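Novice: Provided below are the primary sequence and the corresponding predicted coordinates.
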Amino acid sequence: MDYAATTPLDEEVFEAMAPWLRREYGNPSSLYALARRARAAIDEAREQVAAVLGAAPSEIYFTSGGTEAVNMAVKGVAWAMREQGRGDHVVVSAVEHKAVLEAAAFLERHGFRVTRLPVDQYGLVCPEAVAEALQPGTVLVAVMHANNEIGTIQPVREIGRIARERGVPFLVDAVQTVGLLDVDVNAIGCDLLAVSGHKVYGPKGVGALYVRRGLRVEPLLHGGGQERGLRAGTEHVAGIVGLSAALRLAAARRIEAAEHAARLRDALIEGIRRRVPDAVLNGHPTQRLPNNAHFSFPGVDGESLLLNLDLAGIAASAGSACTSGSLEPSHVLRAIGLPKELTLGALRLTVGKYTTMEDVAAVVDAVAEIVARLRGRAPAAVRIWRRNE
């Protein structure tokens, strides 16, 4: 129940990767036949990824994953624009993945100005707030396609239209939405878009960044000039082939996958609300990812809930896997205005193609039983708080 954190490798993807892990080990930058076959595999993969995203092959750059892709976009565009004298102001939403927020904070430490857009109680960014935040010196806007914790889907097409009218590059983090929502760079109207392999039944350690033709990006890594000078380092050929296969399959199966996930998500939400009536559903009630159910349980310690679910054989999380080791309340839950008690009792459940209705029923039973048990052990102060809420 933690498909937002990662997904198992699809067998068809593994089969596509296998030759490039074994006999086809050539360095694609070399000149002999073994290397030329590796180069041809990368070229074909680039064409497939571009086709999935509605882009041109020359607009796709392979990375080590989603985090590197958004770092490349945020830092690379900001540095390049400042060098061109275009400005030093970056706009990001308050609920972006830490990869975006920390990249923006890095820029701030190097003299850039950063505006963090607030969200409403569902985690939605208001397009009018984006318009108001833009200044003559704004060099980038970053708003994710859908939130990785609470699943809220952002109005990226409207934001893209605003950014385009003002001539400001627009970055969309689509790591959580490929394979579940329609991800077309031209329909969204973005200039940069990041995807990751392991979120779509592909391999870990590989991702891609779409960069609209003509937009200058300063590279993060310098060296041999791979990826047309934007990302130095020998290409991960098997990973790139796996990413392209995973994205191709995800696009072909998207509608069926989204419908399957939505049925399970709705059953999860209905079941937990019925068994734990005071559970708080976080995120937008309807404008949310089809695979995401995120709750807060008053008077329950989230870490204890997760540990007990793990003992029951259920893998889940409180929020982003990238911050699961943090003791601080989720920045997303704080941004939507949840009181601290609710931020500390959070649970994210995300379903995938191997999840069944029987799994959902078992999870609902387990959550209800564990929440009741933990509340029975809750300190007196917490029980008094619940009676007075």
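Specialist: Right, received. Where do you want to start? This one's a predicted model, so the numbers in the text were calculated from it and none came from an experiment.
Novice: mind listing the strands for the stretch 1-150 of the chain?
Specialist: Assigned by DSSP state E, counting those that start in this stretch, the strands in the stretch 1-150 of the chain fall at 60-63, 89-93, 113-117, 138-142.
Novice: S30: neighbour count?
Specialist: S30 has 13 neighbours, counted by other Cβ atoms under 10 Å. For the C-beta atoms, the positions are set from N, CA and C on the backbone; glycine is no exception.
Novice: Quick check: closest non-adjacent residue to A174.
Specialist: H145 (4.5 Å; Cβ to Cβ, 6 or more residues apart in numbering).
Novice: pretty sure the one you found contacts I153?
Specialist: Yes - with contact defined as Cβ atoms under 8 Å, H145 reaches I153; the gap is 7.1 Å.
Novice: quick one: common contacting residues for those two?
Specialist: By Cβ atoms under 8 Å, 6 or more residues apart in numbering, H145 and I153 have these common neighbours: T177, L181.
Novice: State the pLDDT value of the residue nearest to A146 when sequence neighbours are not counted.
Specialist: In this structure, A146 finds its nearest non-sequential neighbour in I153, 4.5 Å apart by Cβ to Cβ, 6+ apart. With respect to pLDDT, I153 scores 98.
Novice: who are the neighbours in contact with the nearest residue to R116 once chain neighbours are set aside?
Specialist: What sits nearest to R116 in space, not counting adjacent residues and going by Cβ to Cβ, 6+ apart, is A94, at 4.8 Å. A94 is in contact with R116, L117, P118, V119, H331, A335, counting by Cβ under 8 Å, 6+ apart.
Novice: separation between the fourth one and M81?
Specialist: When Cβ to Cβ, to the nearest Å is the yardstick, V119 and M81 sit 25 Å from each other.
Novice: and D266, what element?
Specialist: According to DSSP states H and E, D266 maps onto helix 254-275.
Novice: quick one on the thing from earlier: mind telling me the two of the contacts of A94 farthest from one another?
Specialist: The span of the contacts of A94, defined through Cβ to Cβ, is set by L117 and H331 at 13.1 Å.
Novice: coming back round to it: quick one, which of the strands of the stretch 1-150 of the chain gets closest to A362.
Specialist: strand 89-93 (35.3 Å).
Novice: could you check the angle strand 138-142 makes with the closest one?
Specialist: 10 degrees (axes from the mean of the first three to the mean of the last three Cα atoms, to 10 degrees).
Novice: quick one, phi/psi of R86?
Specialist: phi -90, psi -20 (degrees, to the nearest 10).
Novice: what's near enough to touch it?
Specialist: If a contact means Cβ under 8 Å, 6+ apart, then R86 has G137, V139 as its contacts.
Novice: per-residue confidence for it?
Specialist: So R86 comes in at 97 (pLDDT).
Novice: swap in A318?
Specialist: A318 is assigned 85 on the pLDDT scale.
Novice: And G325, by the same measure?
Specialist: Predicted confidence (pLDDT) for G325: 55.
Novice: got it, and E389?
Specialist: On pLDDT, E389 comes in at 45.
Novice: With C322 instead?
Specialist: We have a pLDDT of 55 for C322.
Novice: before we move on, what about P329?
Specialist: For P329, the model assigns a pLDDT of 84.
Novice: what number of residues lie near it?
Specialist: The tally of other residues near P329 (other Cβ under 10 Å) stands at 19.
Novice: tell me the contacts of it?
Specialist: Contacts here follow Cβ under 8 Å, 6+ apart; on that basis P329 touches K340, T343, L344.
Novice: Repeat that for H284.
Specialist: Taking Cβ under 8 Å, 6+ apart, one finds Y122, G123, L124, I150, G151, T152, I153 in contact with H284.
Novice: For the residue nearest to the first one when sequence neighbours are not counted, report the pLDDT, please.
Specialist: Yep, that's Y122 we're talking about. Spatially, and ignoring its direct neighbours in sequence, Y122 is nearest to H284 (4.0 Å; Cβ to Cβ, 6+ apart). Listed pLDDT for H284 reads 97.
Novice: What of G376?
Specialist: 87.
Novice: same check, this time on the one 4 residues further on
Specialist: Predicted confidence (pLDDT) at A380: the value is 43.
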